[in-house]
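Q: one predicted model, sequence on top.
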Amino acid sequence: MDSPKTLLEAINVFSNPDNCREFMIGVRWLDGVVRCPACGSDKVVYMEKSKLYNCKVNHPKQKFSLKVGTIFEDSPIGLDKWLPAVWLIISAKHGISSYELHRSLGVTQKTAWFMLHRIRLAIQTGSFMKADGNGGEVEIDETFIGGKARNMHSAKR
Ligand SMILES: [Zn+2]
């Protein structure tokens, strides 16, 4: 998967859940192996229908999405909106307002403000992971704008 070059491309790419999944795996696990956020096991199965992973180890919260532990968690906003928003914010050389985000992505202004706030914080810390999340020691701007496959799984390069 190449980095999108335009907003239109970003929206197109991330409207496909498989692309969002590939992207999220790429920024969270440098080796491309999905691990359970609760126990760290890699014995996980992807469930196509619910778009969730299921950990085979017996513990609470066996089912998880790739948003768990990231700045995208705790919001009903889908990755199909989040990821183009990140692209937009990083690409805007002179900054972007929540109003522009609202107009470009068709989300409410309140939602746009929330997204802008979270994404800016992620850019500052250099990770999509929340402070207590595991992994994801990847430079955000390089992931998106560098156009390189540096953060994609080595197997796919
Ligand atoms: Zn687990």
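A: Everything's here; your move.
Q: the most centrally placed residue in the chain: what's it in contact with?
A: Here the mean C-alpha position of the chain is nearest to the C-alpha of residue 24 (Cα atoms, centre = their mean), at a distance of 4.6 Å. With contacts defined as Cβ atoms under 8 Å, 6 or more residues apart in numbering, the neighbours of residue 24 are 66-67, 70, 79. All C-beta spots, glycine's among them, are computed from the backbone N, C-alpha and C.
Q: so who does residue 11 touch?
A: Residues counted as contacts of residue 11 (Cβ under 8 Å, 6+ apart) are 80, 84.
Q: doesn't it fall inside a strand?
A: No. Residue state for residue 11 (DSSP: H, G, I helix; E, B strand; the rest coil) corresponds to helix; a strand is not indicated.
Q: could you check how far it is from the ion?
A: When distances are taken as Cβ to the ion, to the nearest Å, residue 11 and the ion turn out to be 33 Å apart.
Q: now, the most widely separated pair of the contacts of residue 24?
A: The span of those, defined through Cβ to Cβ, is set by 70 and 79 at 9.6 Å.
Q: could you list the buried residues of stretch 117-129?
A: Buried residues in stretch 117-129, counted by 16 or more other Cβ atoms under 10 Å: 118-119, 122-123, 127-129.
Q: longest helix in the chain, please.
A: Determined from DSSP state H, the single longest helix within the chain is helix 109-125.
Q: name the helices or strands packed onto it?
A: The contact analysis (3 or more Cβ pairs under 8 Å, 6 or more residues apart in numbering; DSSP states H and E) places helix 109-125 against helix 79-91, helix 98-105, helix 140-145.
Q: can you lay out the ones you listed as JSON lines showing distance to the ion?
A: Rendered in JSON lines, the data for these read as follows (distance: least, Cβ to the ion, whole Å):
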{"stretch": "helix 79-91", "distance to the ion": "22"}
{"stretch": "helix 98-105", "distance to the ion": "33"}
{"stretch": "helix 140-145", "distance to the ion": "26"}
